[in-house]
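Predicted coordinates and the sequence they were generated for:
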Amino acid sequence: MITTTILAIVESFLATLAYAILFNVPKQYYTACGITGMAGWLLYLAMCQVTTVALASFVGTLAVVLISRILTVRKKCPITIFLVSGIIPLVPGAGIYYTAYYLVTGQMSLAAVKGLEAVKIAFAIVLGIIFVVSIPRDVFQIRYWRAKRKRKRLKNHGNM
């Protein structure tokens, strides 16, 4: 169990890193990209134990996009640097492959099952991206939270 988890951590980090290299991400962001994909994949694996694959993909995507948004603000770079490579481990590539395979071999019922599953996962990924990207950018900046805390203190101080 522990060996499998460690292997999943290493594999997801390296897979995400490989896609970051493939997409010509600047070298200073390699580690952040790898951590982003790794976090999403680990959350996906944990959620698969208690829920459906589509819901696990949704939660994993939420983690990837949330981490990508935080890193975007911190490192002052586009979100696509972290998001595109970080989302790769969650993409249902095998489901799409088997859908096409079953279609070509004439196994329509298996093609329908795999195709529907792949569409559910893809839809969950899209929803996860939309939910987090719709959050205003200011929420991911420290000064937003400091100003909010200051307003709260002033409000509480005025009520005394």
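Yes, it's here.

Would you mind measuring from S57 to F23?
Going from S57 to F23 by CB to CB, to the nearest Å gives 21 Å. The way it works is simple: take the backbone N, C-alpha and C, and place the C-beta from them, glycine included.

And the two? Which one has more around it.
When neighbours are counted by other CB atoms under 10 Å, S57 and F23 differ, and S57 comes out ahead with 26 against 13.

can you give me the helices for the protein?
2-22, 30-48, 53-75, 80-87, 93-104, 108-133, 142-159 (DSSP state H).

Just name the most buried of those.
helix 80-87 (a mean of 24; mean count of other CB atoms under 10 Å).

Other residues contacting that one?
Residues outside helix 80-87 that contact it (CB atoms under 8 Å, 6 or more residues apart in numbering) are 16-17, 19-20, 23, 25-26, 29, 32-33, 36-37, 40, 61, 64-65, 67-68, 71-72, 125, 129.

got it, and stretch 112-124?
Contacts of stretch 112-124 (CB under 8 Å, 6+ apart): 53-55, 57-58, 61, 90-92, 95-96, 98-99, 102.
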